[in-house]
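Student: Model the structure of this input:
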Amino acid sequence: MTSAQAFDADYNALLSRIYAESPSTRVLVLPLPQAMLQLESVMQNQSSQLLGACTNVWAQYQICHNLTAPSDSDKPVVADRLNSFNTSIKNAVTAHAAEGQDIRLAAGIESITFKPTDIDFDCFHPSPDGLNKIANSAWASTWWAQQ
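Tutor: Okay, the predicted model is just below:
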C-alpha cells in the first residue's frame with residue numbers, strides 16, 4: 001500500500017503541475033470514500049453467496065488486497081492510511097486555495113454509505129448507481145450548484 005508520505009508528495013505534485021500548466025483551471029477534489037473500508041461487510045450483508053463470489057473475484061484478479069482481504073490486524077492500519085490520504089487531500093486543497101488557485105473540496109464524500117447495488121461487477125469499484133451517489137454528493141460543492 002502506498003505510504004502516506006508518498007501519497008502526500010505525489011498528490012501535491014499533481015496539483016502543482018495542473019496549476020503550473022493551466023493556472024485558471026477549476027479543480028473539484030473528492031476525498032476517498034470510507035465505504036471502501038466496508039466492502040466485505042457490504043457484500044456480506046447482501047448474502048454470504050455474494051461475498052464468496054466477490055472473494056473469488058478479488059483473489060483471481062488480485063484487486064487491492066489491502067482493502068479486499070485484510071487480516072483483522074491490518075484493518076486498523078488500512079483505515080488509518082485512508083484517513084491519512086484524506087488528510088493529505090484536504091491539506092493540499094487548503095494550501096492551493098491559499099495560493100489563490102480555484103480549488104474546492106467536495107464535502108460529504110467520505111461518509112457516503114454504499115449498498116451492494118452501488119458496487120460494480122468486480123465487487124470493488126462503484127457501479128453506475130454508486131457513481132451517481134458520489135456525483136450527487138459532490139455536485140453541491142461545485143461552482144455551478146452555487147449559482
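
Student: in what helix or strand does Lys133 lie?
Tutor: For Lys133, the element it lies in under DSSP states H and E is helix 128-139.

Student: per-residue confidence averaged over that helix?
Tutor: Taken as a whole, helix 128-139 carries a mean pLDDT of 93.

Student: got the contact list for it?
Tutor: With contacts defined as CB atoms under 8 Å, 6 or more residues apart in numbering, helix 128-139 is touched by 28, 30, 33, 106-109, 112, 114, 117-120, 126, 145. Placement of C-beta: from N, CA and C, glycine included.

Student: Show me the residue at the heart of the chain, geometrically.
Tutor: Centroid check for the chain by CA atoms, centre = their mean gives Leu32 as the closest residue, at 2.2 Å.

Student: Show me the contacts of helix 128-139 that map onto strands.
Tutor: Leu28 (DSSP state E).

Student: re earlier: if you count neighbours, what's buried in the helix holding Lys133?
Tutor: Using 16 or more other CB atoms under 10 Å as the test for burial, helix 128-139 gives 130, 133-134, 137-138.

Student: how far away is Arg81 from Ala145?
Tutor: Distance, Arg81 to Ala145, by CB to CB, to the nearest Å: 31 Å.

Student: what do you get for Phe121?
Tutor: Distance from Phe121 to Ala145, counting by CB to CB: 31 Å.

Student: what's the answer for Asn91, then?
Tutor: Distance, Asn91 to Ala145, using CB to CB: 24 Å.

Student: out of those two, which sits in the more crowded spot?
Tutor: Asn91 (13 against 9; other CB atoms under 10 Å).

Student: That one - that's part of a helix, no?
Tutor: Yes - Asn91 forms part of a helix when assessed by DSSP: H, G, I helix; E, B strand; the rest coil.

Student: Leaving out chain neighbours, which residue sits closest to it?
Tutor: Using CB to CB, 6 or more residues apart in numbering and skipping the chain neighbours, the partner closest in space to Asn91 is Asp8 (7.7 Å).
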